[in-house]
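# Got a predicted structure plus its sequence, pasted below:
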Amino acid sequence: MWLGEESPEALMELLNDRHSPWAPQPGCSPQDQRLREMAVLTPELVCGSNIFQAFRSLRIVGKRVEEVDEGLLQLRQLEELILSANQISRITSANLPRALKVLELCCNAVADLQDLCAQPPPELQHLGLGYNRLCGPLQDKHLTADFWPNLVSLDLSFNNFTDLLGLVSQLSSLQKLRVLVLQGNPLALIPTYRGFLVDSLPKLSILDDIHIGPDERHQFHGLARQSELIRSEARVVVSVGEIKGVPDPSTLQQLEVGSEAPVITYSYCVTYEFAEGDEIENDGSAEVTKIHQSPMVATLDVDSSAQDTRAVEGQWEPAAMEKPKAHSAKVFVTPGKPWADTINCSYRKEHTVKDLVGLKSYLMSGTTVSVTEEKVSVWQSCMKEERAAKRPSSGIVFPLGGSLGCW
């Protein structure tokens, strides 16, 4: 030790003293603390290129990263790489450390897995590809044990996979797979989606963040052998029960006795938009009108805090979070009902949609539901004239004068 040089013990005290300028900042990661201690106790390990051997985890989130180059190979001992919410469209596996066990690419713009599967890390256990731009069947072939023999967890949520049978046939080769996330894909709209996956992948423990228990296994037993039940279509039931809170229209009519004012009748209906498809059931004659829905948020909104946007206002906006595409929709109208404190619509319609990608776009963009009031007015003078017209005079029936107004 040179004269005036602090001992390792004294330096460690400075690191651990929260009043010291060398103390770790609040929220310091364990890895940061470990590097500080290594610089004190074994400084030779953090000199030059030796420091790269100390890294086991690297997290770069929301930094607009577009490419992973060969510089990452210096981190030979890296086991966890988190690159969420960037702008990566392609990632070359030759640039990934071979010791990698966790690769998270959520919220990027990955549309092709070919480069990633050229020389994938052989020990990878988790692959996160949620909120990207993947679609089958071209990408299905890259999700097999030939590329990922040790994969335990796979996240493919919120992409555009539509071929349930084709995807399952590839995933079945992943013998170590225990956790699978597919929610947010168009194929997840198929009615038999969960049951077919549970029975087709008997070693799976968690599907879409829900544990698979013995009762569920028994419930769906044998479904995997009935592939004829797997149809690429979704069925959605829309029901409208009761409407409450509509003001009494009679209180709005302040008519003077003997005044010339119309007699108004009121009726109420519900209109809503739905993606174009085949309507199987309709309890009531609903008028249908074709429209083209623009990709805008609906006026009837839900709590936006419940939406998994994975972004905070003023921070990063991942490339994969695209605006929903425009979709073709129809407007449906329930039968009109007279006013009451509780208006009972008793409406039910089952929609069958074969365009799963279009249905997903429709669901993500939101819809508009409206309560419509229809007023029909008849002027009292018209009613008097009508009554006079119906009173026979010399065997002649006079035609009805006046008109009906609706607004």
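Received, thanks. The model shown is predicted, which means the values in this text are computed figures rather than measured ones.
# show me the contacts for the residue lying closest to residue 231 once chain neighbours are set aside.
Using C-beta to C-beta, 6 or more residues apart in numbering and skipping the chain neighbours, the partner closest in space to residue 231 is residue 190 (7.0 Å). Where you see a C-beta, it was placed from the backbone N, CA and C, and this is true even at glycine. Residues near residue 190 by C-beta atoms under 8 Å, 6 or more residues apart in numbering: 164, 196, 230-234, 356.
# go with 7 Å
164, 230, 232, 234 (C-beta atoms under 7 Å, 6 or more residues apart in numbering).
# Same check on residue 70?
residue 95.
# Test for you: state the pLDDT assigned to it.
We have a pLDDT of 93 for residue 70.
# Pop out the phi and psi values for it.
For residue 70, the backbone dihedrals (degrees, to the nearest 10) come out as phi -70, psi -10.
# just to revisit the earlier point, list just the nearest of the contacts of residue 190 to residue 247.
Nearest to residue 247 among the contacts of residue 190: residue 234, at 37.7 Å, using C-beta to C-beta.
# That closest one - nearest residue in space that isn't next to it in sequence?
That would be residue 189: by C-beta to C-beta, 6+ apart, it lies 3.8 Å from residue 234.
# quick revisit: how far away is the residue nearest to residue 231 from residue 223?
Going from residue 190 to residue 223 by C-beta to C-beta, to the nearest Å gives 12 Å.
# Report the spatially closest residue to the residue sitting nearest the centre point of the chain, excluding sequence-adjacent ones.
Geometric centre of the chain, nearest residue: residue 184, 4.9 Å, by C-alpha atoms, centre = their mean. Leaving aside its chain neighbours, residue 184 sits nearest to residue 158 (3.3 Å; criterion: C-beta to C-beta, 6+ apart).
# Check the gap between the one you found and residue 360 for me.
Distance, residue 158 to residue 360, using C-beta to C-beta: 9 Å.
# show me where pLDDT drops low in the stretch 1-150 of the chain?
1-5, 22, 27, 31, 38-51 (pLDDT under 70).
# residue ranges for the helices of it, please.
For the stretch 1-150 of the chain, the helices defined by DSSP state H, counting those that start in this stretch occupy 8-16, 30-41.
# The residue nearest to residue 184: what secondary structure?
coil (DSSP: H, G, I helix; E, B strand; the rest coil).
# Tell me, what's the model's pLDDT at it?
On pLDDT, residue 158 comes in at 96.
# same deal with residue 247?
On the pLDDT scale, residue 247 gets 88.
# which SS state does residue 215 fall under?
Following three-state DSSP, residue 215 is assigned to helix.
# Would you mind measuring from it to residue 73?
48 Å.
# who's more crowded, the two?
Taking other C-beta atoms under 10 Å, residue 215 and residue 73 do not tie; residue 73 has more neighbours (14 against 8).
# Distance-wise, check that one relative to residue 235.
Plainly put, residue 73 is 50 Å away from residue 235 if you go by C-beta to C-beta.
# before we move on, back to that, looks to me like the residue nearest to the centre of the chain is in a strand.
No - read with three-state DSSP, residue 184 is coil and lies in no strand.
# That one against residue 157, yeah?
Yes - using C-beta atoms under 7 Å, residue 184 makes contact with residue 157 at a distance of 4.6 Å.
# got a list of what residue 176 touches?
Applying C-beta under 7 Å, 6+ apart to residue 176 gives the contacts 150-152.
# how about it, secondary structure?
Three-state call for residue 176 (three-state DSSP): coil.
# confidence score at it?
If you check residue 176, the pLDDT there is 97.
# Residue 234 now?
With respect to pLDDT, residue 234 scores 88.
# For the residue nearest to the centre of the chain, give its distance to residue 250.
Taking C-beta to C-beta, one finds residue 184 at 48 Å from residue 250.
# got it, and residue 126?
According to C-beta to C-beta, residue 126 and residue 250 sit 64 Å apart.
# ok, the two, which is more surrounded?
Per other C-beta under 10 Å, whichever of residue 126 and residue 250 has more neighbours is residue 126, with 16 against 9.
# burial of the residue nearest to the more buried one when sequence neighbours are not counted, as a residue count?
The spatial neighbour of residue 126 that comes closest, neighbours along the chain excluded (C-beta to C-beta, 6+ apart), is residue 153 at 4.2 Å. The number of residues packed near residue 153 is 18, by other C-beta under 10 Å.
# Would you confirm that residue 153 contacts residue 174?
No - with contact defined as C-beta under 7 Å, residue 153 and residue 174 do not form a contacting pair (10.3 Å).
# just for the stretch 201-350 of the chain, where's the confidence low?
Short version for the stretch 201-350 of the chain, where the test is pLDDT under 70: 252-261, 276-327.
# And the helices in it?
214-219.
# Which positions in the longest strand seen in the chain come out as buried?
When the chain is scanned for its longest strand (criterion: DSSP state E), the result is strand 262-275. Across strand 262-275, burial judged by 16 or more other C-beta atoms under 10 Å covers 262, 266, 268-275.
# Tell me the one among these nearest to residue 89.
Among the buried residues of strand 262-275, and counting by C-beta to C-beta, the member closest to residue 89 is residue 275, at 28.7 Å.
# Find the nearest non-adjacent residue to the closest one, please.
Nearest non-adjacent residue to residue 275, counting by C-beta to C-beta, 6+ apart: residue 362, 3.9 Å away.
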